[in-house]
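S.K.: 3D model of this:
(4 chains)
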Number of protein chains: 4
Amino acid sequence: MHMHDTGLWAARYQSVRQQSLAIAAPLSDEDCGAQSMPDASPIKWHLAHTTWFFETFILERLEPGFAPFHQAFRVLFNSYYNGVGDKHPRPQRGLLTRPAMAQVRDYRANVDARMVALLGRALDDAARTQLIALLTLGLEHEQQHQELMLTDVKHLLAQNALQPEYLAAGLPPAPAAAPLVWLPFEGGMCDIGYAGSGFCFDNELPQHPQYVAPFSLASRLVTNREYLAFIEDGGYRNAALWLAEGWDWIRAQGIEAPLYWRGKEEFTLMGQQALDLERPVTHISLFEADAYANWAGARLPTEAEWELAARHEAREPGAAAGLPHPGEPVSAEEGGLQQLFCHCWQWTSSSYAPYPGFKPAAGAIGEYNGKFMVNQYVLRGSSCVTPAGHARASYRNFFPSSARWQFTGIRLARQP
Amino acid sequence: MHMHDTGLWAARYQSVRQQSLAIAAPLSDEDCGAQSMPDASPIKWHLAHTTWFFETFILERLEPGFAPFHQAFRVLFNSYYNGVGDKHPRPQRGLLTRPAMAQVRDYRANVDARMVALLGRALDDAARTQLIALLTLGLEHEQQHQELMLTDVKHLLAQNALQPEYLAAGLPPAPAAAPLVWLPFEGGMCDIGYAGSGFCFDNELPQHPQYVAPFSLASRLVTNREYLAFIEDGGYRNAALWLAEGWDWIRAQGIEAPLYWRGKEEFTLMGQQALDLERPVTHISLFEADAYANWAGARLPTEAEWELAARHEAREPGAAAGLPHPGEPVSAEEGGLQQLFCHCWQWTSSSYAPYPGFKPAAGAIGEYNGKFMVNQYVLRGSSCVTPAGHARASYRNFFPSSARWQFTGIRLARQP
Amino acid sequence: MHMHDTGLWAARYQSVRQQSLAIAAPLSDEDCGAQSMPDASPIKWHLAHTTWFFETFILERLEPGFAPFHQAFRVLFNSYYNGVGDKHPRPQRGLLTRPAMAQVRDYRANVDARMVALLGRALDDAARTQLIALLTLGLEHEQQHQELMLTDVKHLLAQNALQPEYLAAGLPPAPAAAPLVWLPFEGGMCDIGYAGSGFCFDNELPQHPQYVAPFSLASRLVTNREYLAFIEDGGYRNAALWLAEGWDWIRAQGIEAPLYWRGKEEFTLMGQQALDLERPVTHISLFEADAYANWAGARLPTEAEWELAARHEAREPGAAAGLPHPGEPVSAEEGGLQQLFCHCWQWTSSSYAPYPGFKPAAGAIGEYNGKFMVNQYVLRGSSCVTPAGHARASYRNFFPSSARWQFTGIRLARQP
Amino acid sequence: MHMHDTGLWAARYQSVRQQSLAIAAPLSDEDCGAQSMPDASPIKWHLAHTTWFFETFILERLEPGFAPFHQAFRVLFNSYYNGVGDKHPRPQRGLLTRPAMAQVRDYRANVDARMVALLGRALDDAARTQLIALLTLGLEHEQQHQELMLTDVKHLLAQNALQPEYLAAGLPPAPAAAPLVWLPFEGGMCDIGYAGSGFCFDNELPQHPQYVAPFSLASRLVTNREYLAFIEDGGYRNAALWLAEGWDWIRAQGIEAPLYWRGKEEFTLMGQQALDLERPVTHISLFEADAYANWAGARLPTEAEWELAARHEAREPGAAAGLPHPGEPVSAEEGGLQQLFCHCWQWTSSSYAPYPGFKPAAGAIGEYNGKFMVNQYVLRGSSCVTPAGHARASYRNFFPSSARWQFTGIRLARQP
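M.R.: Below is the predicted model:
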């Protein structure tokens, strides 16, 4: 899409922005205000923060005669950009009953109108280049928050004894999972990181050479059935399977199953459901993924192994619309590497670190990714709630080793 | 009011119940869902819990063919009655985005209709006696929650950098406070506790003889001006004035002024206001009240001293309507004991303990007061947000020594 | 003892001081350095702090040409006197491996020699009066720490899987406990607080009139056998018996028996022993004492009731020497009020508060008692590790409601 | 050293074992018992645990008629081996006043005698191979604890206001640091990990190919002078320099200088000293090292870069005797890579992870390293308190990103 295709950019902008409102549509204003834990944010906050991003990083720089929609929003909806100034304390986002949802909708509408107007203005090439780069970043940023909206609201609803459904639509039972096949990869010198002409995040850059030893990768994700076997074999009670920190953690927290399992049922965005043994296990920590792999006589892949194997697919197959789409279960006939995208993010054994030569952007926007590159682990692929077209083979998601409220799963690796 | 005056009871019931909705009226559904700290509850929760009280303790016992409005509400809206069964965890009341406010309003309407119907039924005298006793308790209980609704929402709005107002009406400046006069009381043997024919809580019973040594009481509450002098004299930096636990606490918490002071302004239910130096200081802990009294060369009264002095007033003068009414400032001309009611709850040096011969009621209703009689301190009087007609001279309010979000103030005492 | 009986005062001083060393005698220097929890202190710290008390409050004021034994000790061994200056952080007392025990012994010997020399000096009457008053306070203070040394070392040794004994001497089985008899008291106006000519702490003053309603008191303490029946009847699992804060606390802490019970054994200063069912139950919190009393259909006494009943005994019968003496079990023949002293401190329902007219002393010494008069409860009597001659009927011990490492027990009361 | 050189092995065993006692020699028994924080252990515990290692992993397997020195020591002195059984809680190691130091010395003497006897026994080759492998591991393990003894005792003494010295010997001022020179390395495919015939830890295996991009490494460590310039330039107040987690951490902890800096002085094992600006900065976290590198326009090296650069040195030059030896400052004339060993452990940007093909040993001994491979970062080199001959180019030390009590420093890297 050429940067001077003004109308196309405006259409794309409005499409992505509209999708955030669509995600909020099944929810009441009350649902949108609550924060179930410090790691999660209220839906209303997501809707406002993504708007703040466009207002702060684009309108404030490029809009003639810029004036903020509301002075206080600069602080209220700043997530973590120290370069922008003060921030509202993260664990207290659920206390922001004002501005009301209606005012946040107004905020969105106001910024959207100004953004569309700005896109239609005549700009010199330097300004337009900057505009399109920031616009693209803002839309990818909004897509990331679209996924978080769904994981955060799932976590919120899961705290409620009424077992509320986000969507009433039931989930059909999955067909039997395909047999797990070990696919060998030769490895060798390869280029890791993004090198295409489209968008990527700064943490996927620069593409750089890396040596990868030969390895094998499982053809599909670990299923609920397989994970249940691990549990029933005493997996959560056998210290020998666990990283020391993980063992201490599951015992201190009393963890003995994936986050949303309740006996043989599972809490889902469609409410409480019978546990579907054919689907990939999800909502587990890195600690649990690692213990499972040990139990299974395998290991987790490195992010380079995963990327090398997934290289042939530039982007995940477009899922329908960005509302939760469970991903089609793998039918038994298919061969090859399955469930790379659209099912669960896949824990790797790679800690989240800068690629050789990584340089964050100048200014506050440089805080986007780089400052989080410590004590977190990389996940690859995408999940059933990742917006269509958002992920790709070089995409690096990252969370702390104890995170469980994302749609996280397991793909095994082993020596060839 | 005779127990057979069915219509009058129904009218009183509806009047008190309506008042809770009136308190919620200026608030959005979003405002009503948030919980700013574990000690506070969402407005929606207050509205539902007070309804649960009538449903659980009256309808469940006395309504023919009783069926609950919603089975899960028994757990969701149980505050602390172990005898009733499980409870939703207190710090997570703000996560109950379902039931929606609308459904809670339906719950209230449903229970109200059934209560009024029950009041109109023919009942034998024993049943009617029980009904009226429980109804009265339920209404007094609801009035207690009406005060908490206002203190809780004040705490919530105070967390918001937008400084939202609960009411737009400004607060007129108070006239100059009257001079503080020391009023002597002879003391001697006296009867402490309630002995009238109206309603009182079980913790005001039984009336019992007690010896009170001669004492003097300040004619009015300590003002903001006086408290500011304490601060400016280094009151918060002088360990010698403080109880050891209080000193450690203010230093650990970084406390150096009343809860809602912000420089020379104060956050109020009418938004941020200039600090009115003529009004009584409020939103202070027992620790601060005690340190101020030490600084002033005085002490806090015991609850017996307070009650003895206040005995001549059976109930506080009816405040207008139960919405926050700041209480009229004391005009300089008045003599005698002023500001007993309708301004601030007044910390006493008495720990909250059972009166000699105290017996809690049988069953879960007996958990109302008795099980809290440890590590709390008694406050006497009433505040500007106490519903009209709720308090009386023998009334015992109680909070932990560090509580500051109630309208708490200081009346000094000393040896005569 | 006349204040001019120089030799007698010196002898008394040396006798009390020697007793502290005797308590430490069975312990290694290593034992003396460890701190098992913030509430407890190392033996070495007790030995140094009691010495600091004499040096700071007597020698510094009255010794000609005073120079401190070691400048840094003023901070290291200050317990809580803000008026004296800085303090070493309480939870880190166990890290003071220097000064060594040997140096602390030198410190004691040095201060002792200077104290004896000061006692032998000619002083005017005002100075001698002050000297004797402070000396007496210092010795009573040291006796309080002698008890703490034994409770603190018991707590320390109890953490050790080797089950070390403080004393090798076994504890003979107690004879059968006498039947519990309810002794009625008429109550009425009485004078509470100390009024004799000997020593008392400031918190026992002033004696003041108080009305006490008629009551009955149990003739002896609750036994291990009786407490075991409470446990076996589900006492720790029945919320209806507990104060709300106590119930939350035992569940959060996983408490289901007295502190040192291990099945049917009990850890004692003589090592692990079979639980002696005839002895008084000890090492329980106020919460547990209160729950037991509820279960038994009784209540805890107020401190005034206890003192009134115990009034006829000016002091407890002198126990042998101040090392742990379990107290003679009550033989069945005795009548009257038994086990007032020398067995367990007895929880009362009275919160620790100043008596009417209480005035702490001027200066740092005034911090001795007054600043702790909040959120604690009074215990009366004395325990098997209280030094002989230390307690009396008006003596007020006090601890938070959750304290269990002292020798605390239960005497029941009820309406007559 | 051939495995049948019985006498040589016994001599080496005794030499290493003796060194631990030499480290404890300047300390009193009291010093040896205290634990200053959960991450540190008492000296006595180190002395006993290293002995437990030989008893549990060698004598228990290979000694005929094995009987433990003391049954309870199996639990008391187990550090973290779940495969061996229960463990004494780590934060309570300082409460083990029993066994006494004298008994721990007896324990050491007893195990030493049995070990020497075992070494002298005739064993078949398989048994002797196992013996020598475990013996070597035990001695390397003991050396690791020798370093910890010195860092732990430094931390303990630093808590004491008396500023005690571990050693009385003063530290001579260092000569001026050499200019920092950037040394370029070509990188390319290289073999990382140990491949010699001597001892290495399992985490250094297997040697494996890795591609390293060209890089430059600083010729020496960052000095106190340079780090002071960072501080004086506002380094600790500039969020833009910090990893997000590091920024939150230094603000929550109030950190604004290396751990033992006190103004322009530094607490050392030789007591409080003037800060020597020529020496390498030490006792900093990974967060601080990373922020400094950002400020300096550089970055931390990866562990592969460090190892590649250091490859030419098989082991660090033998430091004198294993007592703290500050490492000779780099004289200005030297060229090349300086201060690789014997000064400070050097933070790398590499998280601690298994090498491709890593396999922990079977049984409890396999818990030695592998289970800690998460949420920690690798340090390379060795420090002034690392025993002589212990480290090598492939050696991987590891600590959490917030650890500061080790002798940790900074070597900068950058793109060539």
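S.K.: Packing partners of the host helix or strand of residue A:307?
M.R.: Counting by DSSP states H and E, the element that carries residue A:307 is helix A:303-310. Using 3 or more C-beta pairs under 8 Å, 6 or more residues apart in numbering or on different chains; DSSP states H and E as the contact test, the elements touching helix A:303-310 are strand A:182-185, strand A:188-192, strand A:208-212, strand A:215-218, strand A:345-351, strand A:377-381. C-betas here are computed from N, CA, C, even on glycine.
S.K.: Now do that helix against strand A:345-351, angle only.
M.R.: 140 degrees (axes from the mean of the first three to the mean of the last three C-alpha atoms, to 10 degrees).
S.K.: And for helix A:303-310, what's in contact with it?
M.R.: Taking C-beta atoms under 8 Å, 6 or more residues apart in numbering or on different chains as the criterion, the residues outside helix A:303-310 that touch it are A:183, A:185, A:187, A:190, A:192, A:210, A:212, A:215, A:217, A:301, A:337, A:340, A:346, A:348, A:350, A:378, A:380-381, A:393-394, A:396, A:411, A:413.
S.K.: Buried ones among these?
M.R.: Among those, the ones that count as buried by 16 or more other C-beta atoms under 10 Å in any protein chain shown are A:185, A:187, A:190, A:192, A:210, A:212, A:215, A:217, A:301, A:337, A:340, A:346, A:348, A:350, A:378, A:380-381, A:393-394, A:396, A:411, A:413.
S.K.: Where is the longest helix in chain A?
M.R.: When chain A is scanned for its longest helix (criterion: DSSP state H), the result is helix A:125-158.
S.K.: Flag every buried residue along that one.
M.R.: Within helix A:125-158, the residues scored as buried using 16+ other C-beta under 10 Å are A:128, A:131-132, A:134-139, A:141-158.
S.K.: Any residue of that helix touching chain B?
M.R.: Yes: with C-beta under 8 Å from any C-beta of the partner chain as the threshold, helix A:125-158 lies in contact with chain B, specifically through A:156, A:157.
S.K.: in stretch A:30-43, what's buried?
M.R.: Across stretch A:30-43, burial judged by 16+ other C-beta under 10 Å covers A:30, A:31, A:32, A:33, A:34, A:35, A:36, A:39, A:40, A:41, A:42, A:43.
S.K.: try stretch A:342-362
M.R.: Of the residues in stretch A:342-362, A:342-356, A:358, A:360 count as buried by neighbour count, 16+ other C-beta under 10 Å.
S.K.: for that stretch, how far is the first residue from the last?
M.R.: For stretch A:342-362, the separation between the terminal residues is 33 Å (C-alpha to C-alpha, to the nearest Å).
S.K.: What ranges does chain A have for its helices?
M.R.: A:6-24, A:29-33, A:43-54, A:60-62, A:73-76, A:101-120, A:125-158, A:224-232, A:244-253, A:286-295, A:303-310.
S.K.: so what does the longest one touch, helix or strand wise?
M.R.: Which is helix A:125-158. On a contact count with 3+ C-beta pairs under 8 Å, 6+ apart, helix A:125-158 meets helix A:6-24, helix A:29-33, helix A:43-54, helix A:60-62, helix A:101-120, strand A:265-268.
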